[in-house]
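Q: missing the sequence, but the structure's below:
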């Protein structure tokens, strides 16, 4: 059951040392925010030059991963995927004991669970994180992040994590933060792809993006009102009452028209073809929505 992090609020306590491993845009932004808040920050990155600006601003550059781990109890990992954690820390596992690893890298829920077991075997506490805003928005009122895993570790370090963005703790299962992160990105990626596809389709007919994108974005904004209350919508999905077979048939015809127009215009057919396939399956099964086709059970 999702547990709101507000139940675990604590007062910000500047001064706790923090190590940040991985200095892409996210890791750099986090390092600056924590340093500016008064936390001594130690950084390490495989491409050492990425730490130069942070070091000039007052951060400490660790010479190797083991030294980076030794510098702080709290270690934030901002990497491309979880395999990078093993690649970087695999030869420094003796330095993991007593550390809290907060891994905000993207990967799958199952790989996240495996990482939690690996960290625990080496004497570390593990918290998975999923930051839901891009680096420029970190530290603002719009920033938030999902966390799951070791409750004691999360509670101990919430005052630091809160500086990055509002933390939403989901529970002890380390997979949950990754799951919610991916679920959000699932919506973002599909929505963005559909917006770009629609603009490409319009352009194929000589309509520039500037003439159609404002209407498309406005339409995206109407979707919540069409679906109704998020709570009611979720309940309908859970109890199997969402949708209407007649609506599926109508939307399926539209999906077919989009796919045909796309092919005729020479626009990449992958996205509308996938949507049409879902509606074809839902119609064939007499379902009230494509959700019945998508779900695993």
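A: Received the coordinates, thanks. Quantities reported herein were computed from a predicted structural model and do not represent experimental measurements. Numbering: from 1, shown residues only.
Q: Please enumerate the helices of this structure.
A: Applying DSSP state H to the chain gives helices spanning 25-36, 52-57, 65-70, 82-89, 109-121, 151-164, 175-204, 209-227, 230-239, 245-265, 270-284, 291-294.
Q: start to end distance for stretch 233-247?
A: The first and last residues of stretch 233-247 sit 16 Å apart, counting by CA to CA, to the nearest Å.
Q: no wait, stretch 53-62
A: Note: stretch 53-62 ends 14 Å apart using CA to CA.
Q: residues contacting residue 67?
A: With contacts defined as CB atoms under 8 Å, 6 or more residues apart in numbering, residue 67 is in contact with 42, 44. C-beta here means a position set from N, CA and C on the backbone, and glycine is covered the same way.
Q: per-residue pLDDT, it?
A: With respect to pLDDT, residue 67 has a value of 98.
Q: go on, the one 3 residues further on?
A: Reported pLDDT at residue 70 in the predicted model: 98.
Q: and it, how many neighbours?
A: 14 (other CB atoms under 10 Å).
Q: now the nearest residue to it once chain neighbours are set aside: how far from residue 115?
A: Excluding its sequence neighbours, the residue lying closest to residue 70 (CB to CB, 6 or more residues apart in numbering) is residue 95, at 5.6 Å. Residue 95 sits 17 Å away from residue 115, taking CB to CB, to the nearest Å as the criterion.
Q: Between those two, tell me which one has more neighbours.
A: Each of residue 95 and residue 115 has its neighbours counted (other CB under 10 Å); residue 115 has more, 24 against 21.
Q: and the nearest residue to the more buried one once chain neighbours are set aside, what does it touch?
A: Of all residues not flanking residue 115 in the chain, residue 82 sits nearest, at 5.1 Å (CB to CB, 6+ apart). Residue 82 makes contact with 103, 105, 107, 111, 112, 114, 115 under the criterion CB under 8 Å, 6+ apart.
Q: swap in residue 101?
A: By CB under 8 Å, 6+ apart, the neighbours of residue 101 are 75, 77, 85, 119, 124, 125, 126, 127.
Q: And for residue 68?
A: 19, 21, 42, 43, 44, 62, 75.
Q: Now do the end-to-end distance for stretch 37-47.
A: From start residue to end residue, stretch 37-47 stretches across 26 Å - CA to CA.
Q: as a whole number, average confidence for it?
A: 97.
Q: how many neighbours does residue 119 have?
A: Residue 119: 24 neighbours (other CB under 10 Å).
Q: right, and it touches residue 126 too?
A: Yes. Using CB atoms under 8 Å, residue 119 is in contact with residue 126, at 3.9 Å.
Q: Identify the residues contacting residue 271.
A: Here residue 271 is in contact with 193, 194, 197 (criterion: CB under 8 Å, 6+ apart).
Q: measure it to residue 38 for me?
A: From residue 271 to residue 38 the distance is 47 Å (CB to CB).
Q: How about the residue nearest to the spatial centre of the chain: what's its closest non-neighbour residue?
A: By CA atoms, centre = their mean, the chain has its centre lying nearest to residue 181, at 3.3 Å. Of all residues not flanking residue 181 in the chain, residue 130 sits nearest, at 2.7 Å (CB to CB, 6+ apart).
Q: What is the burial count for that neighbour?
A: 26.
Q: Please shift the residue numbers so they start at 15 in all later answers.
A: Noted, 15 is the first residue going forward, which turns the last one into residue 144.
Q: is it true that it touches residue 189?
A: No. In this structure, residue 144 is not within contact of residue 189 by CB under 8 Å, at 11.0 Å.
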